[in-house]
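J.: no sequence on this one, just coordinates:
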């Protein structure tokens, strides 16, 4: 499959026109390779380490969830990460394509994959954007879990380096309804609290957002940005493999940019 055909297939599923106005979805770097057979390295975040991996693997497309460029740079100078990525991309004929908030909304996107990992049933979006699309997912646990069992399941299935949750007097309380949103989902706390969900799995939550959740009787669970979004990249690899591409692989150099002292 040619790169142009792969991108057409993907955009039929997750149209970049659906991305938010502040976002930057679609081509970040396209050095003239649309007619080449696709050799794809999938990652969460495009970094110099991922670019070096793509060069070593003879890949010609880095397919990322996070944009390489959020706002237009005022200059490209030697020694700067984005400038070096651009230089290497054109030198080695490697494209960089991003699917961000458009990928968050669709079936089998970041939120859907999280809901599937927790085996949620009767799933609906936290916030619908248009027919069949929306941010986050809310669903039922069948069978119900205690809070302790839910936290243990998240730890086992997502393997976050640090799992943070709202203070609770009773880890044995029964949890039947859960909301999930991969990446930074604190802005949806109010909507989740009104939905009837008892627990909300997301990331990048601030101190007072845990306070807000507690005051709304919502258990907020922060598993970290990387842990909540990386599984969707793995799912994307599986989808690309079904297209019989020349070569596709999940990056081994993708990084969680935070470390925690044990």
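T.: Arrived safely, thanks for sending. Note that the structure is a prediction, hence the values are computed from the model and not measured.

J.: Contacts only, for residue 1.
T.: 9, 37, 38, 243, 244, 245, 246 (Cβ atoms under 8 Å, 6 or more residues apart in numbering). Quick note: C-beta positions are derived from backbone N, CA and C, even for glycine.

J.: can you tell me how far it sits from residue 145?
T.: Residue 1 sits at a distance of 42 Å from residue 145 (criterion: Cβ to Cβ, to the nearest Å).

J.: again with residue 198
T.: Counting by Cβ to Cβ, the gap from residue 198 to residue 145 is 10 Å.

J.: circling back to that earlier point, out of the contacts of residue 1, which one has the weakest pLDDT?
T.: Within the contacts of residue 1, pLDDT reaches its minimum at residue 244, with 87.

J.: For it, give me its contacts.
T.: Residue 244 makes contacts with residue 1, as judged by Cβ under 8 Å, 6+ apart.

J.: May I have the secondary structure class of it?
T.: coil (DSSP: H, G, I helix; E, B strand; the rest coil).

J.: again with residue 12
T.: helix.

J.: go on, residue 69?
T.: Under three-state DSSP, residue 69 comes out as coil.

J.: Spatially central residue in this protein, please.
T.: residue 229 (3.1 Å; Cα atoms, centre = their mean).

J.: from memory it sits against residue 180, does it?
T.: No - contact criterion Cβ atoms under 8 Å: residue 229 and residue 180 do not qualify, at 11.2 Å.

J.: Now whatever helix or strand the residue nearest to the centre of the chain lives in: buried residues?
T.: Residue 229 is located in helix 225-241, with elements delineated by DSSP states H and E. Neighbour counts over helix 225-241 (16 or more other Cβ atoms under 10 Å) mark 225-233, 235-237, 240 as buried.

J.: Among those, which pair sits farthest apart?
T.: 225 and 240 (22.8 Å; Cβ to Cβ).

J.: what residues are up against the residue of the chain positioned farthest from its centre?
T.: What lies farthest from the middle of the chain is residue 169; by Cα atoms, centre = their mean that is 31.5 Å. If a contact means Cβ under 8 Å, 6+ apart, then residue 169 has no contacts.

J.: what helix or strand does it sit in?
T.: Residue 169 belongs to no helix or strand, assigned by DSSP H and E.

J.: Roughly how far does it sit from residue 214?
T.: 11 Å.

J.: Am I right that residue 113 is in contact with residue 232?
T.: Yes - using Cβ under 8 Å, residue 113 makes contact with residue 232 at a distance of 4.4 Å.

J.: what touches both of these two?
T.: Listed as contacting both residue 113 and residue 232 by Cβ under 8 Å, 6+ apart are residue 182.

J.: Go through the helix or strand containing residue 211 and flag the buried ones.
T.: For residue 211, the host element (DSSP H and E) is helix 207-215. Across helix 207-215, burial judged by 16+ other Cβ under 10 Å covers 209, 210, 212, 213.

J.: so what's the residue nearest to residue 92 when sequence neighbours are not counted up against?
T.: With sequence-adjacent residues excluded and distances taken as Cβ to Cβ, 6 or more residues apart in numbering, residue 92 is closest to residue 55, at 5.2 Å. Residues near residue 55 by Cβ under 8 Å, 6+ apart: 88, 92, 94.

J.: Centre of the chain to the helix or strand residue 55 falls within, how far?
T.: Residue 55 belongs to helix 48-56 when assigned by DSSP H and E. In this view, helix 48-56 has its centroid 20 Å away from the chain centroid, taken as Cα atoms, centre = their mean, to the nearest Å.
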